[in-house]
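Peer 1: Next come a sequence and a model predicted from it.
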Protein chains: 2
Amino acid sequence: VRAFVLDDNPPRLVADWPDPEPNPGWARVRPLIAGICNTDLELARGYMGFKGVLGHEFVGEALDGAFAGKRVVGGINFGCGDCPSCLSGMARHCPTRTVLGILGADGVFAESFAIPERNLLEVPATVGDEEAVFTEPLAAACQILDQIGDERGRACVLGAGKLGTLVAQVLSVAGFETDLVGRHLQGLGFVDASGVRRVGERAEGSGYDLVVEATGSEEGLALALSLVRPRGHLVLKTTVAARHAVDLAPVVINEIHIIGSRCGRFEPALALLAERRVDVRPLISARFALANIEEAFGAAAGRGVRKVLVRHD
Amino acid sequence: VRAFVLDDNPPRLVADWPDPEPNPGWARVRPLIAGICNTDLELARGYMGFKGVLGHEFVGEALDGAFAGKRVVGGINFGCGDCPSCLSGMARHCPTRTVLGILGADGVFAESFAIPERNLLEVPATVGDEEAVFTEPLAAACQILDQIGDERGRACVLGAGKLGTLVAQVLSVAGFETDLVGRHLQGLGFVDASGVRRVGERAEGSGYDLVVEATGSEEGLALALSLVRPRGHLVLKTTVAARHAVDLAPVVINEIHIIGSRCGRFEPALALLAERRVDVRPLISARFALANIEEAFGAAAGRGVRKVLVRHD
């Protein structure tokens, strides 16, 4: 199959990648549309030392198994199924997991790929392909709600990129009075419909009950700490900010909760899309054919570019 | 009054400190016993720029007001009483608070001191003076239970000093299978009664549901991160460890909850002492008279020394 492969060289489209040979319980999927994530750009720069086919955001057609012929999306963490994490429903934290297009498992920038059947969900007919392909990042945004408990209040999302924009909408829909802080707020008028308030580069005041760091910049964590109220929640969504050294003494003095947040469950994300409570299509900056995926990667790294999709037709 | 005063010089006992003049709603208290805390040693080294009478751990006799003649302990954070934090019962996080012997309020290493009456609690007759003086640090240990929710499991407490020893007992009594990790475990046999397991300098294995950093050392946070399971809780009890730069990327990937933890409510701590569920007196290393408090401070800084008490009789 044709596939976009990372090895010791920059990633490139190859014509003769081996067909996926699914294990028992796995299905093959033909992607309809795939999305390029910042993680893909980081992997291409050597993050995690991944080798193989890139890509983990997809909507596709299952080629075999229980979902054969159906439109599907799928969870990207492949747990062993037997460890305490997997048995308690936390396959996302299985210590021996592989991760689609990220860790030990070929990804979705290919004419077909393999995935455990238990990871698949059928896409409701009311959700279009260009919405369904956002299920994975939207699930990562929804994950915050699974982590912080039931209290609501004032939220501040730092970073108006793809993830920050989804997070802000999810928090607002869930009942937070939500400020979205970023440098590039033009073209984001669509978030107003969900009640999100767009704020310039500096957040006004502080004392937020919840601050979400989604800038992917080194300064993000220190800024987030200055904005959260005593005993408030600070959610870390990017490893870039987390790697930067910050004095955490205020965390002790003000009894802040810092919560690392990664992937989420797909069900609430698909429900938000089906109910049209979150708007994702305005985040699409460009569409490329699989044949032009190298250009698509270049475009995705561009300043101010949001979601770049790869169509497999 | 005689008082142990910090100014631009090392702290020293002075004979002629002004008598406390309580504001309306405040009471004067004559300390019976005061405890020396590591924070006192840090303040004496310049931490927080405090000037005035040191000391915040006490059991004393109220000299006036509703508690006159009674044995009392008292919360050390003096909130304004009117701000959103105070009105929601979080005077400990009042932005304009003063703190007994730590921030803008003279402390307890004196023949008498002043404290808001609403901060006082009467000590049950079954709790002796040398137990009651541990109420404040024990409340700080109990605070962890107020912060982490109802889940139980395996806990690891890093640091077998005064605070770590109290934390380990509190967690074990609350239902955690608790390991106490430290360099100096000799003389700590009394914690076995509460079910705490004493472990040598290196914790065995990892995957703890809860890790409490109470070492006060720069390496504490990194070690704690290596011991906590994915989605587990890491409680930071010392600002020293928090100031040291650590890569927090694993916090995101493993979705760790980091919780800063400082002071706690006195009620559950007094209850644990009254029910004799936590043993504190074996932590006493030495007792000094107020007249010898300078020596007491020297002793408290000694290697392997635990609680040093100052008797005011």
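Peer 2: Alright, I've got the coordinates.

Peer 1: Please name the residues that touch the residue of the stretch 151-300 of chain A found nearest chain B.
Peer 2: For the stretch 151-300 of chain A and chain B, the shortest gap (CB to the nearest CB) falls at A:Ala245, measuring 3.1 Å. No exception for glycine: its C-beta is placed from N, CA and C like everyone else's. By CB atoms under 8 Å, 6 or more residues apart in numbering or on different chains, the residues touching A:Ala245 are B:245-246.

Peer 1: one more time with 7 Å
Peer 2: B:Ala245 (CB atoms under 7 Å, 6 or more residues apart in numbering or on different chains).

Peer 1: From the structure, what's the count of residues near the closest residue in space to A:Gly79 that isn't next to it in sequence?
Peer 2: Among residues not flanking A:Gly79 along the chain, A:Ala91 sits closest, at 2.9 Å (CB to CB, 6 or more residues apart in numbering or on different chains). Residues lying near A:Ala91 (other CB atoms under 10 Å in any protein chain shown) number 20.

Peer 1: okay but A:Ala91 is in contact with A:Ile76, surely?
Peer 2: No - at 10.4 Å, A:Ala91 does not count as touching A:Ile76 under the criterion of CB atoms under 7 Å.

Peer 1: Which residues of the stretch 151-300 of chain A lie near chain B?
Peer 2: A:230-231, A:236, A:238-239, A:242-243, A:245, A:247-249, A:251-262 (CB under 7 Å from any CB of the partner chain).

Peer 1: So which of those residues are in helices?
Peer 2: Judged by DSSP state H, helices contain the following of these: A:239, A:242-243, A:249, A:251-253.

Peer 1: With respect to A:Ala141, which of those is nearest?
Peer 2: A:Thr239 (16.4 Å; CB to CB).

Peer 1: What does the pLDDT read for the nearest residue to that closest one once chain neighbours are set aside?
Peer 2: Spatial nearest neighbour of A:Thr239, excluding adjacent residues (CB to CB, 6+ apart): B:Ala249 at 4.1 Å. pLDDT recorded at B:Ala249 is 86.

Peer 1: And A:Ala203, by the same measure?
Peer 2: 60.

Peer 1: and what of A:Ile253?
Peer 2: For A:Ile253, pLDDT reads 90.

Peer 1: Neighbours of it, how many?
Peer 2: Around A:Ile253 there are 16 residues (other CB under 10 Å).

Peer 1: That one - nearest residue in space that isn't next to it in sequence?
Peer 2: Nearest to A:Ile253 is B:Arg262, by CB to CB, 6+ apart, at 6.2 Å.

Peer 1: quick one: strands adjacent to the helix or strand encompassing A:Val29?
Peer 2: Assigned by DSSP states H and E, A:Val29 falls within strand A:26-36. In the sheet, strand A:26-36 lines up against strand A:57-62 (antiparallel), strand A:113-116 (antiparallel), strand A:307-311 (antiparallel) (DSSP bridges).

Peer 1: can you give me the mean pLDDT across stretch A:257-265?
Peer 2: pLDDT averaged over stretch A:257-265 gives 94.

Peer 1: what about it, how long is it end to end?
Peer 2: 22 Å (CA to CA, to the nearest Å).

Peer 1: Same question for stretch A:212-230.
Peer 2: 15 Å.

Peer 1: How about stretch A:82-93?
Peer 2: 12 Å.

Peer 1: For it, give me every contacting residue.
Peer 2: For stretch A:82-93, the external contacting residues (CB under 7 Å, 6+ apart) are A:77, A:79-80, A:94-95, A:97, A:263, B:230-231, B:254.

Peer 1: Stretch A:122-134 too?
Peer 2: Contacts of stretch A:122-134 (CB under 7 Å, 6+ apart): A:32-35, A:57-59, A:67, A:70-73, A:270, A:273-274, A:280-281, A:284, A:309.

Peer 1: Mind listing what's buried along it?
Peer 2: Buried residues in stretch A:122-134, counted by 16 or more other CB atoms under 10 Å in any protein chain shown: A:123, A:127, A:130-134.

Peer 1: Same check on stretch A:177-196?
Peer 2: A:177-182, A:185, A:188, A:190-191, A:194, A:196.

Peer 1: Using CSV, list the CA coordinates for it.
Peer 2: Extracted C-alpha coordinates of stretch A:177-196, given in CSV (Å, rounded to 0.1, in the frame of the first residue of the first chain):
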residue,chain,number,x,y,z
GLU,A,177,-17.6,30.8,31.8
THR,A,178,-14.7,30.5,29.5
ASP,A,179,-12.0,32.8,28.2
LEU,A,180,-9.8,31.7,25.3
VAL,A,181,-6.5,33.5,25.3
GLY,A,182,-4.3,33.6,22.3
ARG,A,183,-2.2,35.6,19.8
HIS,A,184,-4.2,34.6,16.7
LEU,A,185,-7.8,35.1,17.4
GLN,A,186,-8.9,36.2,13.9
GLY,A,187,-11.1,33.6,12.2
LEU,A,188,-12.2,32.2,15.5
GLY,A,189,-15.6,33.9,15.5
PHE,A,190,-17.3,30.6,15.4
VAL,A,191,-16.4,29.8,19.0
ASP,A,192,-18.7,32.7,20.1
ALA,A,193,-21.7,30.6,19.4
SER,A,194,-20.7,28.2,22.3
GLY,A,195,-20.3,31.2,24.6
VAL,A,196,-16.5,31.4,24.6
